[in-house]
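Asks: take a look and give me a structure for this.
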Amino acid sequence: MKLQIFKILARVNKAILPSYTKQKLDISKATKFQLIIIGWRAFVTINSLN
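Replies: Numbers count the residues shown, from 1 in each chain. Reported below is the predicted structural model:
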C-alpha cells in the first residue's frame with residue numbers, strides 16, 4: 001500500500017514539479033524553496049524504489 005502511494009506521488013512529481021537537473025541548477029546557488037523541492041523529490045523517489 002505504502003509503495004503504491006509513493007509510486008503515484010513520483011508520477012505526480014515528475015509531471016508537476018520542475019526538474020532542476022535538466023535546468024542545470026547549481027545546488028550552491030539554489031534558493032531554500034528549490035532545495036525543499038529537491039529534497040521532496042529525492043524522498044519520494046527513494047521510497048518509491050523500495
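
Asks: how many neighbours does I38 have?
Replies: 18 (other CB atoms under 10 Å). Placement of C-beta: from N, CA and C, glycine included.

Asks: residues contacting T45?
Replies: Contact partners of T45, counting by CB atoms under 8 Å, 6 or more residues apart in numbering, are 10, 13.

Asks: quick one: name whatever helix or strand follows the helix or strand hosting I5.
Replies: For I5, the enclosing helix or strand under DSSP states H and E is helix 2-16. With elements assigned by DSSP H and E, the helix or strand that comes after helix 2-16 is helix 32-49.

Asks: that next one versus helix 2-16: what angle between them?
Replies: 140 degrees (axes from the mean of the first three to the mean of the last three CA atoms, to 10 degrees).

Asks: distance from the chain centre to helix 32-49, please.
Replies: With CA atoms, centre = their mean, to the nearest Å as the basis, helix 32-49 stands 4 Å off its chain's centre.

Asks: which other helices and strands contact the helix holding I5?
Replies: helix 32-49 (3 or more CB pairs under 8 Å, 6 or more residues apart in numbering; DSSP states H and E).

Asks: neighbours of F43, how many?
Replies: The number of residues packed near F43 is 13, by other CB under 10 Å.

Asks: please report how far it lies from A10.
Replies: According to CB to CB, to the nearest Å, F43 stands 10 Å off from A10.

Asks: since we're on V44, how many residues are nearby?
Replies: Neighbours of V44 (other CB under 10 Å): 21.

Asks: what sits closest to it if chain neighbours are left out?
Replies: Leaving aside its chain neighbours, V44 sits nearest to L9 (4.9 Å; criterion: CB to CB, 6 or more residues apart in numbering).

Asks: next one, pLDDT for that neighbour please.
Replies: The confidence metric pLDDT takes the value 92 at L9.

Asks: what's around it, how many residues?
Replies: 17.
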